[in-house]
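what follows is a predicted structure for the sequence shown.
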Amino acid sequence: MSDLFTATWMEKFQNEWNGEKELAEALGKIGFNSVIGYGYPEDEAPRGVIHVENGKVVKAGAYDGEDLNWDLRASPDQWQHWMQKGPGMTGLGLAFTTGKLKFKKGDYSAMVKDPRMAGPFVKSFDVMSRI
């Protein structure tokens, strides 16, 4: 778990993301572009970041001060739980409402109301569990 969100881990995440049709292709169809950070609530900045262009991750690594569109935070234990078993939409909704998943930046409510984004969002957690 200690290597979660390191540059190496994020590069593996990039490869898994780009190989998943239900994620990369689905987001490509809606022209999804974003810079997404991942980390822990107590940290000032996220640990890892991906740059997504037309659904595909074009750059991944350790966070280096980039301007973020999304910044997702959860405790190390919560991330570990999701790595073992993807949360599904209900699990993510519950994690958000109970504060186990925090969005330091980004609009969770707007995202889950758009099925073109909600499905791929859930799939991104499934992809993480492959690493």
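Nice, I can see it. Numbers count the residues shown, from 1 in each chain.

ok, longest helix in this structure?
helix 115-128 (DSSP state H).

list the buried residues of that one.
117, 120-128 (16 or more other CB atoms under 10 Å). Where you see a C-beta, it was placed from the backbone N, CA and C, and this is true even at glycine.

okay, those in a markdown table with pLDDT and distance to Trp79 next?
What follows is these, written out as a markdown table (pLDDT from 0 to 100; distance: CB to CB, whole Å):
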| residue | pLDDT | distance to Trp79 |
| --- | --- | --- |
| Met117 | 86 | 21 |
| Pro120 | 91 | 19 |
| Phe121 | 87 | 15 |
| Val122 | 85 | 15 |
| Lys123 | 91 | 17 |
| Ser124 | 92 | 13 |
| Phe125 | 88 | 10 |
| Asp126 | 89 | 14 |
| Val127 | 92 | 13 |
| Met128 | 91 | 8 |
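
tabulate the residues you listed in TSV, adding columns for distance to Leu101.
Formatted as TSV, these follow (distance: CB to CB, whole Å):
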residue	distance to Leu101
Met117	15
Pro120	16
Phe121	11
Val122	12
Lys123	16
Ser124	12
Phe125	10
Asp126	15
Val127	16
Met128	13
